[in-house]
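Enquirer: Below are the sequence and a predicted model; questions follow.
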Amino acid sequence: MSSGNNGSVALGIKDAVIAGGNSTSSSSGGTRKGGKAVSNTGSGNIVQNLINNSRSSAPARDSTPLLGGGSGDLPNHSSAGGHGGGDDGLSGGGAPLHLKGVAWLLGVAVVVAAALFGLLALRRSHAVDSVPFSHVTHPLQPTALWGAVRRPYPTGAWWTNLVLNKGDNNVAVLPYAIKATDDNGLQISYSYFRHLSTKMVQADLFAPDMAMAAVENTGTHYIESYDPLSVGLVFPTVNHLQHNRPSYYRTHLVRGCPYLTVEYYGCHPLVTAANMITVINGLQYREEATFQAPALTGSVFEITVISGQQWMLFAEPAITFRWTKDGKLTSISSYTGFLRIAVAPVEGIKPVLVEHWRAYPTGGDVSLDYPGGGRGGEGGGERGGERGGEEGGSLSEGDMMVTYQWRRKGEGRLLMLALPHHVEILQDATLVGNATGVYVTLKGGMTAVLGDRWYMKEGLPVPVDVGKKGQKGEWTGDGGGGFEFRAPRGVGNEGQKKVIREAVMSDLAAIRKGDFKRWNKTDVNDPYWEGKRMAMYARLAVIADEVGMVPEREEAVALAAAVMTPWLGGTNDNPFLYDTTWGGIILQSGLSNPYVNFGNTYYNDHHFQYGYFCYCAAVLARFDPEFVRKHKRALTALVADIANDDDASPSFPLARHKDFFDGHSWASGLFEQNNGKSQESSSEAINAYYGAHLYGRATGDKKLESFAKLLLAMELRSTRWYWHMRNDSKVYDAVFAANRMVGVVGGLDATCHTWFGESLEYVHGINLMPFTPITEALLDVGYVKEEYAVLSPVLTRQEEPVAEEWKGFVYLDHAVLDPASAWEEVQMLDKFDSGNSLSNSLWWVATRPGAGEVGKGEEGGK
């Protein structure tokens, strides 16, 4: 982790050149937590089987000529450049950060390339050796589908279905979903046509509505480049692979684009509808045997298929198609240019699509601005004429500005689509009213936005009662926006403090005796359960400190350090290893079993697991800085595995699990999933970035502190939109929203069950835990009023009564509404989740707004 001043960082990209390659793949599957064996039964996004597949059909990497070179390149009509083009320099103050998403740029000449790779290999080797865990080669090796991507691989990226197993499973680009197939090219689905909503599932089902390919056989595809907002995919034809002639097509899969764009180089475009095309530009296809469809020449084609779907197809330069009855449009000659296709869900969107089709995105960079720093990103300080005001307004303490800089080609104003959580914080954007709400996704209707840049002001919520005159309790936070090591308000009265002190002593006494019956599970060889345990000890330390128990605080600090030390030193029975194949910290146990420890070794759930380590490390940095100095290298590596703020790192990818477009993280790693990536425990993702933020704060790493705070704020906002379902939800249908909490969000589906069960307390509890000061930013009173009404009936369930550890989360949820009742409820508990305790439960209740009077009668004893 590198230190720096608050300021600007830019997450960009550099091009990479793609070649094929032979290797063996073994991928797909998924697991999740709960202490039970995960069964591979169920539906859609919840269940996958591990599939071992040997892929040898792709050509060797070194045999493929460089793509994109020679006279076949499309002209660039914009100074912003193509995929990876543009100026990566920073115009403002602060430390620059550029995401080199695809690893490295290969030189055109073999000698130059060899020299470059020699230098970079030296740099990588030195940096990777600094990761203080034993190094190991992963049993799953990247296949040719990864193209020129090199370590560290973005194992949590939204598009990994393109490179796992055969690389032909669904990817949610939004508003479309796609599949990259060897036989049919790029399959395009406007999945909302098949929208499904039930009590337990809301989904947009994939079916190939249209496909874009070439007459020439391809047989493979692979990644050309990627950045935080896009991925570039290339389909080389047989002519390209075998005859050394430029002949291929590529697509820029850019999030939020209302068109799918394919660039063709020296091949014959082929556009196929899943159903018969009945009308093109007013000409109706007739069934008579004597009817001969004419050749169609032009740049704009209005298409109707037999199902009633309407699509718009655009070409630059103009193209001539042969139209056949089987639903195909085939170019009559070799073509170099680009095609764009867009669904027209309503008639009124067609003029908008016609107006804006010539400008298309090739990628996107993300710039981050913090208070007191300058602005980074392409284009310098000039923002053009698309925004009013003073560049989105000044940044107050706690605010952060997120800028999307779309890289584009072509002429005219760029048309893109924003999700609901974007719109909530967009600054002075130019919106297109008659194109808003037309395109609908699993995450709701999208809003049309014009322009090459989006500016969004992000920040953490302001605690509801902090700063108000006459508030009960006093501010005891640590600054920086209200949510730090302590709650925004302290424990309110001496009666509460007395009970909490007794609880701290009781919890510590049980731990000293080795009486772990008070907690639901321990597993010294699992970083999830051990992470929860050490974080629970760290919480005891913070709580003891808050209520003036210094000896107990020191005891809890020592306990936390004792649990963490074997993991950092590699002396436990299931040690951390550094994976030199993919670039990350994994477990020894998973080398022989992909599913063990929730799929950790295959990069599932790292932020859930290591997030608890981050929180514990932050507390130790606060109270035992010598421990952190002693283990600095190991702690730095562990935090970087999930919250790496250096996009040039040769050891870890940038923010491994974070999706900078959807805002939230994806928990699944190197497992193929039918409906795209998924994430279950939104609250544990929040905990991960909260822990990393506190670690940066406690160690003086300002860059990490600010970067992790942004990751945290984005996760909170997206969780409130896409996991929390209110009565007036603008995202989910009423029948599904009645559950009030989503269990798992996937690329194309959302479910009200979890990886380990369907019980209501599981669905809600896994998205509430752990309870720490940041939980207040997650659970606002308005939402909990609706959510608790759905959850609380489980407390009276007679058949299969709620387990005590899950009951505790229901009580803590109740405390948001009624701290007085919850104060009594938690004192009746005799068992807790491994990451919770009696002390933490009482602390949470006592620090709720309005809890100042609770427990006053206990000042003289119970």
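Expert: Received it, and whenever you're ready, just let me know what you need. Numbers count the residues shown, from 1 in each chain.
Enquirer: Strands along the stretch 101-250 of the chain, start to end?
Expert: Secondary structure of the stretch 101-250 of the chain, counting by DSSP state E, counting those that start in this stretch: strands at 134-136, 171-172, 177-181, 185-189, 195-197, 201-204, 210-214, 222-227, 230-236, 248-254.
Enquirer: Can I get these in TSV including mean pLDDT, distance to L283 and mean neighbour count?
Expert: Every residue, glycine included, has its C-beta placed from N, CA and C. Below are the strands of the stretch 101-250 of the chain laid out as TSV (pLDDT from 0 to 100; distance: least, CB to CB, whole Å; neighbours: other CB atoms under 10 Å):
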stretch	mean pLDDT	distance to L283	mean neighbour count
strand 134-136	97	62	13
strand 171-172	98	34	27
strand 177-181	97	29	24
strand 185-189	97	23	24
strand 195-197	97	31	14
strand 201-204	98	32	23
strand 210-214	97	19	25
strand 222-227	96	37	27
strand 230-236	96	30	28
strand 248-254	97	27	27
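Enquirer: Mind putting those into TSV with distance to L577?
Expert: Formatted as TSV, the strands of the stretch 101-250 of the chain follow (distance: least, CB to CB, whole Å):
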stretch	distance to L577
strand 134-136	5
strand 171-172	30
strand 177-181	32
strand 185-189	38
strand 195-197	42
strand 201-204	37
strand 210-214	42
strand 222-227	26
strand 230-236	28
strand 248-254	33
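Enquirer: Quick check: buried residues in stretch 533-546?
Expert: 533-546 (16 or more other CB atoms under 10 Å).
Enquirer: host element of the closest residue to W311 other than its chain neighbours?
Expert: Take W311 and drop its neighbours on the chain: the residue closest to it by CB to CB, 6 or more residues apart in numbering is I303, 4.5 Å away. Using DSSP states H and E, I303 sits within strand 296-305.
Enquirer: now the angle between strand 210-214 and that strand, please.
Expert: Between strand 296-305 and strand 210-214, the angle comes out at 150 degrees (axes from the mean of the first three to the mean of the last three CA atoms, to 10 degrees).
Enquirer: before we move on, the earlier item: the residue nearest to W311 and K328, how far apart?
Expert: Per CB to CB, to the nearest Å, I303 is found 12 Å from K328.
Enquirer: So for the two, which sits in the more crowded spot?
Expert: Using other CB atoms under 10 Å, the more surrounded residue of I303 and K328 is I303, with 23 against 18.
Enquirer: how close does the more buried one sit to L760?
Expert: Using CB to CB, I303 is found at 46 Å from L760.
Enquirer: Kindly report the same for A618.
Expert: A618 sits at a distance of 32 Å from L760 (criterion: CB to CB).
Enquirer: between the two, who's got more neighbours?
Expert: For A618 versus L760, neighbours defined as other CB under 10 Å are more numerous around A618 (28 against 23).
Enquirer: How about that one: what's its closest non-neighbour residue?
Expert: L694 (3.6 Å).
Enquirer: Shouldn't the one you found be within a helix?
Expert: Yes. Checked against DSSP: H, G, I helix; E, B strand; the rest coil, L694 lies within a helix.
Enquirer: Next up, the contacts around it.
Expert: L694 is in contact with 484-485, 614-615, 618-619, counting by CB atoms under 8 Å, 6 or more residues apart in numbering.
Enquirer: most neighbours, which of these?
Expert: Among the contacts of L694, the one with the most neighbours (other CB under 10 Å) is Y615, at 31 neighbours.
Enquirer: Is the residue nearest to W311 in contact with M276, as I believe?
Expert: No. Contact status for I303 versus M276: not in contact, 11.1 Å apart, counting by CB atoms under 8 Å.
Enquirer: State the distance from the residue nearest to W311 to F321.
Expert: Taking CB to CB, one finds I303 at 11 Å from F321.
Enquirer: in the stretch 751-862 of the chain, which spans are strands?
Expert: Under DSSP E, counting those that start in this stretch, the stretch 751-862 of the chain gives no strands.
Enquirer: which residues of it score low on pLDDT?
Expert: The stretch 751-862 of the chain contains residues with pLDDT under 70 at 858-862.
Enquirer: still on that earlier bit, can you tell me which of the contacts of L694 is nearest P371?
Expert: The shortest approach to P371 among the contacts of L694 belongs to E484, at 16.0 Å (CB to CB).
Enquirer: hang on, the earlier thing: for the strand holding I303, which helices and strands make contact with it?
Expert: Using 3 or more CB pairs under 8 Å, 6 or more residues apart in numbering; DSSP states H and E, the elements in contact with strand 296-305 are strand 277-280, strand 310-324.
Enquirer: and the first one, which residues are buried?
Expert: Pointing back at strand 277-280 there. 277-278, 280.
Enquirer: Repeat that for the longest one.
Expert: Neighbour-count burial for strand 310-324 flags 310-316, 319, 321, 323 (criterion: 16+ other CB under 10 Å).
Enquirer: what distance separates it from the centre of its chain?
Expert: 35 Å (CA atoms, centre = their mean, to the nearest Å).
Enquirer: List the strands paired with that strand, with their directions.
Expert: With DSSP bridges as the test, strand 310-324 is paired with strand 296-305 (antiparallel), strand 328-331 (antiparallel), strand 335-343 (antiparallel).
Enquirer: got a markdown table for these, with distance to M200 and mean pLDDT too?
Expert: A markdown table is the format used below for the strands paired with strand 310-324 (distance: least, CB to CB, whole Å; pLDDT from 0 to 100):
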| stretch | distance to M200 | mean pLDDT |
| --- | --- | --- |
| strand 296-305 | 32 | 96 |
| strand 328-331 | 39 | 95 |
| strand 335-343 | 28 | 98 |
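Enquirer: just the ones you listed: most buried one?
Expert: Most buried of the strands paired with strand 310-324 by mean neighbour count (mean count of other CB atoms under 10 Å) is strand 335-343; its value is a mean of 23.
Enquirer: what does that one contact?
Expert: 72, 74, 176, 188, 190, 209-210, 212, 258-269, 271, 309-317, 319, 353, 357, 360, 439.
Enquirer: other SSEs contacting the helix or strand containing L711?
Expert: Taking DSSP H and E as the criterion, L711 maps to helix 702-722. Helix 702-722 sits against strand 360-369, strand 399-409, helix 420-423, strand 453-459, helix 632-643, helix 682-699, helix 775-778, with contacts defined as 3+ CB pairs under 8 Å, 6+ apart.
Enquirer: Contacts for the third one, please.
Expert: So the one you mean is helix 420-423. Applying CB under 8 Å, 6+ apart, the set of residues contacting helix 420-423 is 443-445, 447, 454, 456, 663, 717-718, 721-722, 730-731.
Enquirer: Pipe those residues into a markdown table and attach distance to Y222, pLDDT and neighbour count per row.
Expert: Shown next, in a markdown table, are the contacts of helix 420-423 (distance: CB to CB, whole Å; pLDDT from 0 to 100; neighbours: other CB atoms under 10 Å):
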| residue | distance to Y222 | pLDDT | neighbour count |
| --- | --- | --- | --- |
| K443 | 29 | 98 | 25 |
| G444 | 33 | 97 | 18 |
| G445 | 34 | 98 | 18 |
| T447 | 33 | 98 | 23 |
| W454 | 30 | 98 | 23 |
| M456 | 33 | 97 | 22 |
| G663 | 28 | 98 | 25 |
| R717 | 34 | 97 | 23 |
| S718 | 30 | 98 | 25 |
| W721 | 34 | 98 | 22 |
| Y722 | 31 | 98 | 25 |
| K730 | 38 | 95 | 12 |
| V731 | 34 | 97 | 24 |
